[in-house]
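*Asks:* A predicted structure for the sequence below; I have some questions about it.
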Amino acid sequence: MKKATAALATLLILTTAGCTSSAHNGKTQAPLWAQGRQKPQNEAGVVGQEGRKVGETVTLRDEDGHRMRVALTGVAYRDALAKDKTLPLTGKYALAVALTLESEDGGTFKGYGRDNLIKWSYGPEMNKASRYYDAPWDGCIDSYTPWGKVAAGQPYLAISSMNISRRGGNLLIEDSYGSIARWDLPQEDTGTGTEPATKYATTDC
């Protein structure tokens with residue numbers, strides 16, 4: 001009888017713990033995928049995978065769970081406008097990365113928002129895509145911003161920019177579900193798609 005009572009007490013404790021572990025301020029919190037979103041699958045190119053190369057595609061998801069194929073098609077480096085000045089810059093180079101986005105059922109890619117963060121990293125160094133105030137093409141490529149609606153079955157071309165301290169490193173994109181795509185960046189200009197940005201390297205808009 002004592003063993004049965006102890007087992008019942010243990011079961012009640014485990015059940016109560018399971019019900020309260022996701023509670024916050026007295027309210028039960030469902031996981032993101034249960035709050036009207038699809039549970040993301042473990043797909044190639046996300047957390048734990050080796051860095052991809054220029055030209056390779058990774059599948060991420062937008063904030064509504066739409067699958068988004070993201071390809072890094074080109075990389076270009078230029079001197080930042082204030083490279084030789086003593087200003088508190090985040091880097092001496094302007095990096096332009098060209099992306100092609102595709103989705104079978106459409107979606108919204110937010111390259112500059114809290115979701116879908118685009119970053120550059122090199123060891124402990126990291127910078128966000130929104131920090132490119134000293135890029136030669138700043139303000140010249142608004143139509144290529146990586147923040148827009150992707151029509152179903154139609155490629156969406158985008159260019160993301162950052163000021164960085166050195167060539168190379170990695171390009172990181174985090175989607176709304178925490179999956180992170182990573183590409184290894186070459187140290188020289190490679191691929192295509194950056195031309196709308198780099199044409200302004202020596203010319204004003």
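*Replies:* Here it is on my side, so go on. In this text, all values refer to a predicted model and were calculated from it rather than measured experimentally.
*Asks:* output the longest strand belonging to this protein.
*Replies:* The longest strand of the chain (DSSP state E) is strand 67-79.
*Asks:* what is the mean pLDDT for that strand?
*Replies:* Strand 67-79 shows a mean pLDDT of 94.
*Asks:* adjacent strands (with direction) for that strand?
*Replies:* Counting by DSSP bridges, the strands paired with strand 67-79 are strand 57-61 (antiparallel), strand 93-102 (antiparallel), strand 190-191 (antiparallel).
*Asks:* can you give me the helices for the protein?
*Replies:* Under the criterion DSSP state H, the chain contains helices at 2-20, 195-198.
*Asks:* circling back: any idea which of the strands paired with strand 67-79 is most buried?
*Replies:* strand 93-102 (a mean of 23; mean count of other C-beta atoms under 10 Å). Any C-beta I mention is one placed from the backbone N, CA and C, and that applies to glycine too.
*Asks:* do you have the strands of this structure handy? List them.
*Replies:* Taking DSSP E, the strands of the chain run over residues 23-24, 27-28, 57-61, 67-79, 93-102, 107-110, 117-122, 125-128, 147-150, 156-164, 170-174, 180-184, 190-191.
*Asks:* closest one to Ala201 among these?
*Replies:* Closest approach to Ala201 among the strands of the chain (C-beta to C-beta): strand 67-79, 4.6 Å.
*Asks:* which non-adjacent residue is nearest Ala152?
*Replies:* Gly106 (4.1 Å; C-beta to C-beta, 6 or more residues apart in numbering).
*Asks:* same deal with Gly51?
*Replies:* With C-beta to C-beta, 6+ apart, the residue lying closest to Gly51 is Asp184, at 3.9 Å.
*Asks:* tell me how many other residues crowd the one you found.
*Replies:* Neighbourhood size, Asp184 [other C-beta atoms under 10 Å]: 15.
*Asks:* kindly report the same for the one 5 residues further on.
*Replies:* Residues within reach of Asp189, counting by other C-beta under 10 Å, total 14.
*Asks:* mind checking how far the residue nearest to it when sequence neighbours are not counted is from Gln154?
*Replies:* Once flanking residues are discounted, Asp189 sits nearest to Ala76: 4.7 Å by C-beta to C-beta, 6+ apart. Counting by C-beta to C-beta, to the nearest Å, the separation of Ala76 from Gln154 is 25 Å.
*Asks:* which one of the two has more residues nearby?
*Replies:* Between Ala76 and Gln154, Ala76 has the larger neighbour count (other C-beta under 10 Å), namely 23 against 10.
*Asks:* list the residues that contact the more buried one.
*Replies:* The contact partners of Ala76, by C-beta atoms under 8 Å, 6 or more residues apart in numbering, come to 95-96, 98, 189, 194, 197-198.
*Asks:* nearest to Asp62 among those residues?
*Replies:* Ala98 (19.6 Å).
*Asks:* that closest one contacts Ala158, doesn't it?
*Replies:* Yes - here Ala98 reaches Ala158: they are 7.4 Å apart, a contact under C-beta atoms under 8 Å.
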